[in-house]
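**Student:** coords please:
(one chain, ligands or ions: 1)
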Amino acid sequence: MIPVDTIRAGDVHVSHLSDGALSGPRRSWFTGADPAEWVPVVGVADPDTPFPVNFGGFVITGDGHVTLVDTGWGHRAHDVAGLDGAGEMLDRLAGLGIAPEDVDRIVQTHLHADHCGWLVKDDAYTPTFPNATVYLHEAELAYWTGDEVEKIEANRKMLAAVRPRVEAVRGRLSTFDGEVKLSDAVTILPTPGHTPGHVCVMVSAGGQTVLLAGDLAHHPVHLDHHHWLPVIDYAPEQSVASREYIAQLAAERDAVVLAPHFPIPTRVQVQLAAGGGFHAVVLDRSAS
Ligand SMILES: [Zn+2]
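**Tutor:** From the prediction side, this is the model:
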């Protein structure tokens, strides 16, 4: 079984939940970079060597709320070839003693189909989390419900999955256009680029910070190689700027950075590099 990785910031717990994992070649994550550059940094033999990717999200507890950050593939996970542990995010939640009714907040970092799946049950229109307010950047809502989304083919292909999910929770949406403090410990940070309304989530308590980076980082190397961009990014220059911002914040706060696509468990810290720029360090879990 794919583990749950739980990290503490003061009294607040952040748990990385899988909704499935697979191995695959990921040339598409490194557009703008010559394979000779990124292959050795990622540590694969060649650009077509498969490496692990997780799908899923996070649950934050201990601040008086139960907050999900992203909702995985949902029941569509079973249509994804080669996915280990497909669609088990609710089982991982149950393992933490959390029922769907307990979730009172959901933050969608963005609305790609692998991030908003469990907004609905397997009938595709009943909300899975009946008591949750869904926080969504207003630019993200406008993009996925407007015409512009059709210009990026990969996004157009997701519309059939995404739009019914948005409709299912429309009455529970809380949209915003700026930072949102959800509690003393949890803050939403707009970080556009991957999509128009992409956000990160900062958890800060007891002098410790955990940054949930969404799809600003598909792989830890994206935290120090900010120009290696996924082909699907909506606005590459914005993505680079958002990565600079999150890397700087992570370095200043000595934060632990987690992201849904990192294999579980993967925790990263970002340091200021001596010659300028940043250095992403994957933490050795055997030492923690
Ligand atoms: Zn993604």
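**Student:** Can you name the residues of the stretch 151-288 of the chain sitting close to the ion?
**Tutor:** Counting by C-beta under 5 Å from the ion, the positions of the stretch 151-288 of the chain adjacent to the ion are residue 215. C-betas here are computed from N, CA, C, even on glycine.
**Student:** Tell me the residue of the stretch 151-288 of the chain that sits nearest the ion?
**Tutor:** Closest to the ion within the stretch 151-288 of the chain is residue 215: 4.4 Å, counting by C-beta to the ion.
**Student:** how far away is that residue from residue 205?
**Tutor:** Distance of residue 215 to residue 205, given as C-beta to C-beta, to the nearest Å: 25 Å.
**Student:** Next, count neighbours for the nearest residue to the residue of the stretch 151-288 of the chain closest to the ion once chain neighbours are set aside.
**Tutor:** Nearest residue to residue 215, sequence neighbours excluded (C-beta to C-beta, 6 or more residues apart in numbering): residue 194, at 4.6 Å. By the criterion of other C-beta atoms under 10 Å, residue 194 has 26 neighbours.
**Student:** for residue 189, same thing?
**Tutor:** Neighbourhood size, residue 189 [other C-beta under 10 Å]: 19.
**Student:** Same check on residue 236?
**Tutor:** 16.
**Student:** Surely it and residue 226 touch.
**Tutor:** No: contact criterion C-beta atoms under 8 Å: residue 236 and residue 226 do not qualify, at 10.2 Å.
**Student:** Spit out the contact partners of the closest residue to residue 245 other than its chain neighbours.
**Tutor:** Once flanking residues are discounted, residue 245 sits nearest to residue 191: 6.6 Å by C-beta to C-beta, 6+ apart. Shown in contact with residue 191 (C-beta atoms under 8 Å, 6 or more residues apart in numbering): 198, 199, 200, 214, 216, 242, 245, 246.
**Student:** elements contacting the helix or strand containing the last one?
**Tutor:** I take that to be residue 246. Per DSSP states H and E, residue 246 falls inside helix 236-253. Secondary-structure packing of helix 236-253 (3 or more C-beta pairs under 8 Å, 6 or more residues apart in numbering; DSSP states H and E): strand 199-205, strand 208-212, strand 268-272, strand 278-282.
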